[in-house]
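Novice: A structural model of the following input is requested.
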Amino acid sequence: MKELLIHKWLDGELNDDELKAFKKLPEYASYTKLSETAKLFKDTSYNVDLEYEKLNSILKNRKETKKPIQWIRPLLQIAAIFIIGLAVYYSPLYGDTATVKTLASNSTEVALPDNSTVKLNAASSIKYHKRNWKNNREVNLVGEAYFKVEKGSQFDVVTWSGKVSVLGTQFNVKQRVNYFEVTCYEGLVSVSFKGKEIKLPAGKTVKLIDGQLFEEQTKDTVPSWAKKNISSFKSVPYAQVIHEFERQYNTKIEVKNIDTTQLFTGSFTNKDKELALKSITLPLQLKYYTKNNTNVIVLTKE
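Specialist: Residues are numbered from 1 along each chain as shown. Next comes the predicted model:
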């Protein structure tokens, strides 16, 4: 009986007779004091009605929006990753921009949308837009490439150092660090750099070496690297020869007590590493050796 009265008192459900009986309990005074003290700790910042409305809204939305089956979620994530991977892999084929790169010791030939062709030398790359190619024949080049351009609208090759423009011709462009070279083999080539413009007819070469301009003649009808797998140089800083060797043979060259700014005229084969080494060292009376178990070749004076 006492427990029932206490329970109903806590719930505020005592009638008059029950309240009189409750007040007669020995514990009445202590219960009343405890109740009054508890009121002092009431948290008025918590709005029961508002929180209930929030909860009711959440529960309602959960009923209206069915959750996907849990085991499907990992499959959906895998599918998404797979689709993204395909997009990245095939973007050069189906996107607007095409990029072609060659690694060290490799070369490749590319057919452009108008049947013009580009042969890329080792460690080089081109980028061009396929969708608007007919109205904008422009290729961005890093490295070296030999172009055979079909006649049509203006054809531009854009490099770090300058731009080469033609209508239809055959020419070679070489863009390396501190070195820029353009050779015309057929037709007429326009070379623009630093506000200057030079017209190159067939058989002419223009070089920009460390900011200085040089013009030369050539009897070649195609670049030697593209037809004969031979890298040729005429009055070129020896550092450029070393770098070209590194690209063709995917190796590293270290020099000791050698002036790499001296000019070099000569060539080396891109198919025989040992013969190529002799071709670039004997004329300058240099020695070479390979570091143990490495891909590093050291050049020294005799």
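
Novice: next helix or strand past the lowest-mean-pLDDT helix or strand in the chain?
Specialist: Scoring the helices and strands of the chain by mean pLDDT, DSSP states H and E places helix 72-94 at the bottom, with a mean of 43. Where DSSP states H and E defines the elements, the next helix or strand beyond helix 72-94 is strand 97-101.

Novice: Tell me the buried residues in that next one?
Specialist: 98, 100 (16 or more other CB atoms under 10 Å). For every residue, glycine as well, the C-beta is placed using N, CA and C.

Novice: what's that strand packed up against?
Specialist: strand 117-120, strand 125-129 (3 or more CB pairs under 8 Å, 6 or more residues apart in numbering; DSSP states H and E).

Novice: And the longest one, how far out from the chain middle?
Specialist: Spelled out, it's strand 125-129. For strand 125-129, the separation from the chain centroid amounts to 14 Å (computed by CA atoms, centre = their mean, to the nearest Å).

Novice: can you check stretch 102-109 too?
Specialist: Distance of stretch 102-109 from the chain centroid (CA atoms, centre = their mean) equals 19 Å.

Novice: Give me the contacts around that stretch.
Specialist: Contacts to stretch 102-109, defined as CB atoms under 8 Å, 6 or more residues apart in numbering, come from residues 100, 117-125, 143, 225-226, 246-250.

Novice: Contacts for stretch 237-256 next, please.
Specialist: Outside stretch 237-256, the residues that reach it (CB under 8 Å, 6+ apart) are 103-105, 121-123, 176-177, 179, 209-210, 231, 233, 258-264, 266, 268, 270, 273, 276-277, 280, 284, 295-301.

Novice: Go through those residues and flag which are in strands.
Specialist: Judged by DSSP state E, strands contain the following of the contacts of stretch 237-256: 176, 179, 209, 231, 233, 263-264, 266, 268, 296-301.

Novice: rewinding a little: would TSV of the helices and strands packed on strand 97-101 with mean pLDDT be doable?
Specialist: Formatted as TSV, these follow (pLDDT from 0 to 100):
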stretch	mean pLDDT
strand 117-120	98
strand 125-129	96
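
Novice: looking at the ones you listed, which is buried most?
Specialist: strand 117-120 (a mean of 20; mean count of other CB atoms under 10 Å).
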